[in-house]
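*Asks:* Next come a sequence and a model predicted from it.
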Amino acid sequence: MGAMGVFEAVVRHGGHEQVVFATDARRGLRMIIAVHDTTLGPALGGCRIWSYASEEAALTDVLRLSRAMTLKNSIHGLPLGGGKAVVLADPTRDKTPELLAAIGEAVDRLGGRYITAEDVGTTSDDMRLIRNATAYVAGLPETSGDPSPFTALGVFRGIQACSQSLWGTTQLEGRRVAIQGVGSVGFHLARHLVQAGAQVVVTDIRPEKVRRAVEELGVQAVEPDAIFDVECDVFAPCALGAVLNDETIPRLRAPIVAGSANNQLAEPRHGDLLHERGLLYAPDYVINGGGVINVAEELGPGGYSAQRARAKVERIYDRVLEVIELSRSRNVPTYRAADEIALRRIETARAEGRGARV
């Protein structure tokens, strides 16, 4: 991709303060770091290691994810901007201590404008190794640790908020929930739902993940493509993004769409399509904010507190209700309502000159 192509992509995805390409042939590093906005503070967002089909696909992913982190951190009241890093590599084969050190050095060269954390293809143990090369890392095992349980808790509370809005109760007993993806977050979400008395149907492209959920939680399972056709009360996308698109939305048989995956809408217009169909969509960066809320606790002046982090994650229930109420009062899709709330906080900070740019 040429320089003009990069500029066009940045403009198309909302404009970014900084996009950095880092390479290290000896250690196998091909990395893109996108700093979207630092009005509210340094850009916090995970480091994703993934076998992208192309450099263009990786750039698109990091630009979309970093913008979503700006909105996510803003709507949850965190003193942080949005950023993201992607590494073009196979995490099962290429992730070595040398590669992680190279990632840390690339992050460190930004001097604190970007703080990294775990994401798809990385773990809290990886963050410990990255910490050897930079101080600008969060999500360490000895502090906040694995964010997945907190992300799942936030999604569960978001589903309860949707239930309250649609059916007048937070009780999920007897409700049927279809979960697409039962990795770390999806599995924890399934556990919450089963404990709440819900009937859970799951799928995953990895058979061992499905087997674990069926054996340990007693859930039902379907083939990956069949999950869109399951008649249920809640469809919960908990895998990778762009799952809500022209092909899948007409197949959905659930009045609520609420899950942990990032960038669920293939394009913004798909949020409009959900709204036109009368489906209640919990915007991804609102409902899946539990992980970053937990990680951000490490960066506060009082140090990490699991109890304080959990209390903040519980408030995702209120954030989702706030978005739904604005959506209904304005008759706009929920994703637009969420954007308005998140961007208003950023614009207010800019207008008052109290942004924390670094």
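*Replies:* Good, I have the coordinates. Numbering: from 1, shown residues only.

*Asks:* Please count neighbours and contacts with C-alpha atoms only from this point.
*Replies:* Noted.

*Asks:* Domain ranges for this protein, per the record?
*Replies:* As assigned by automatic domain parsing, the chain contains the domains 3-8+15-67+81-131, 148-290+315-344.

*Asks:* which one of the ones you listed lies closest to residue 141?
*Replies:* Closest of these to residue 141 is domain 3-8+15-67+81-131, at 5.4 Å (criterion: CA to CA).

*Asks:* quick check, residue 201 in a strand?
*Replies:* Yes - counting by DSSP: H, G, I helix; E, B strand; the rest coil, residue 201 is located in a strand.

*Asks:* before we move on, the earlier item: what's the closest of the domains of the chain to residue 301?
*Replies:* domain 3-8+15-67+81-131 (14.2 Å).

*Asks:* pLDDT weak spots in this structure?
*Replies:* Within the chain, the stretches with pLDDT under 70 are 1-7, 9-14, 354-358.

*Asks:* Quick check: closest non-adjacent residue to the residue nearest the centre of it.
*Replies:* Central residue of the chain (CA atoms, centre = their mean): residue 262, 4.0 Å from the mean position. Leaving aside its sequence neighbours, residue 262 sits nearest to residue 241 (CA to CA, 6 or more residues apart in numbering; 5.4 Å).

*Asks:* Go ahead and confirm the one you found touches residue 261.
*Replies:* Yes - with contact defined as CA atoms under 8 Å, residue 241 reaches residue 261; the gap is 5.9 Å.

*Asks:* so who does residue 72 touch?
*Replies:* For residue 72, the contact set (CA atoms under 8 Å, 6 or more residues apart in numbering) comprises 82, 285, 286, 289, 342.

*Asks:* These into TSV, with extra columns for secondary structure and distance to residue 125?
*Replies:* As requested, these are exported to TSV (DSSP: H, G, I helix; E, B strand; the rest coil; distance: CA to CA, whole Å):
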residue	secondary structure	distance to residue 125
82	strand	23
285	helix	25
286	helix	26
289	coil	21
342	helix	31
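
*Asks:* Can you name the two of those that sit furthest apart?
*Replies:* Using CA to CA, the contacts of residue 72 span at most 13.9 Å, a distance reached by 82 and 286.

*Asks:* Show me where the stretch 51-200 of the chain has its helices.
*Replies:* Ranges of helices within the stretch 51-200 of the chain are 55-75, 97-108, 124-131, 148-167, 184-195, based on DSSP state H, counting those that start in this stretch.

*Asks:* could I get those helices as a markdown table with distance to residue 319?
*Replies:* As requested, the helices of the stretch 51-200 of the chain are exported to a markdown table (distance: least, CA to CA, whole Å):
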| stretch | distance to residue 319 |
| --- | --- |
| helix 55-75 | 8 |
| helix 97-108 | 31 |
| helix 124-131 | 27 |
| helix 148-167 | 8 |
| helix 184-195 | 19 |
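
*Asks:* Which one of these lies nearest to residue 140?
*Replies:* Ranking these by their distance to residue 140 (criterion: CA to CA) puts helix 124-131 first, at 5.2 Å.

*Asks:* just checking, what packs against that closest one?
*Replies:* helix 97-108 (3 or more CA pairs under 8 Å, 6 or more residues apart in numbering; DSSP states H and E).

*Asks:* can you list contacts of the helix it packs on?
*Replies:* With contacts defined as CA under 8 Å, 6+ apart, helix 97-108 is touched by 22, 24, 27-29, 31, 114-116, 126, 129-136.
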